[in-house]
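Student: Below are the sequence and a predicted model; questions follow.
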Amino acid sequence: MSDKNAVIRDVMATLEREPKIDVHHYPISLDFDSGILTLEGQVKDIAAKKLALELGAAVASVTGIVDRLKVAAAEHMTDEVMREHIRDVLLQESALNDCAVRLCQGDRVDVIREPPADSRGAIEVTVQDGDVLLEGQVPSLSHKRLTGVLAWWIPGTQNVLNCLIVEPPEEDSDAEIIDALRLVLEKDPFVNADQIRVRANDRTVTLEGLVSNETESEMAEHDAWYLFGVDKVINKLEARE
């Protein structure tokens, strides 16, 4: 067996052992060349996507990852409708009031909000085939993470590439991840943030506390997975039902 086939076999075996990925219902295609592993296909949710990438990267001989995984959309939307939704959520989010907002489509750029007099950044959004690309700059890592989650919350989103630059640069930390997640949970209308405790250690987030049901538990877990920079989520939430 060639080295390529051996690596693909090992990666697939690792993916098959993770129940959250469920490769039998959501097949993933693999390719391996010169140390680079490419994963392509549609996965169930954000947890499956991030776990697949993390597990693939951990296999011996894999030195790089090409991510072509998409999350199954909660609702089919055209790119135009998605742009309208993202426009609305960015304009309605008070934490982003100091940032200009621009929607990009090919060579066309629509300025949705002009830079304020005391502008602290500019967010440029491109939507194509369910993928959301975020570019520009924001004043903090929390702004970057919040913007990414807002894009993920659009029902038609299948992938978010968060390329926002933090200016001035800011050193990341577990404390920053905790603060950003608390902010996101407080803004999520389907989650009671007061009942959820958040811990983070080396980009691994642990959720503890009480929630109303399994659906709320899953939503809180997904909020953690949506955060830029989070590598693993341990869900210890207890559902009352």
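Tutor: Sure thing, it's come through.
Student: Show me what counts as buried in stretch 224-241.
Tutor: Residues A224, W225, Y226, L227, F228, V230, K232, V233, N235, L237 are the ones in stretch 224-241 that count as buried (16 or more other CB atoms under 10 Å). Quick note: C-beta positions are derived from backbone N, CA and C, even for glycine.
Student: How far off centre is the helix or strand hosting the first one?
Tutor: Secondary structure from DSSP states H and E places A224 in helix 214-226. For helix 214-226, the distance between its averaged C-alpha position and the chain's averaged C-alpha position is 12 Å (CA atoms, centre = their mean, to the nearest Å).
Student: So for that helix, mean pLDDT?
Tutor: Here helix 214-226 scores 97 as its mean pLDDT.
Student: Okay, buried residues for that helix please.
Tutor: E216, S217, E218, M219, A220, E221, H222, D223, A224, W225, Y226.
Student: quick one: which of those residues is nearest to D129?
Tutor: Y226 (19.6 Å; CB to CB).
Student: Quick one: low-confidence residue ranges for this protein.
Tutor: Counting by pLDDT under 70, the chain has low-confidence residues at 1-2, 241.
Student: on that earlier part again, and the buried residues of stretch 224-241, which two are the farthest apart?
Tutor: Pairwise distances across the buried residues of stretch 224-241 (CB to CB) peak at 21.9 Å, for the pair F228 and L237.
Student: Closest one of the buried residues of stretch 224-241 to D10?
Tutor: After measuring these against D10 - CB to CB - the closest member comes out as K232, at 20.3 Å.
Student: Is that closest one bridged to anything, and to what?
Tutor: Note on K232: beta-bridge partners by DSSP bridges are T204.
Student: My understanding was that it contacts V205; is that so?
Tutor: Yes. The pair K232 and V205 qualifies as a contact (CB atoms under 8 Å) at a distance of 7.2 Å.
Student: all strands for this structure, in order.
Tutor: Ranges of strands in the chain, per DSSP state E, are 28-33, 36-43, 64-71, 99-105, 108-113, 121-128, 131-138, 159-162, 165-166, 196-201, 204-211, 232-239.
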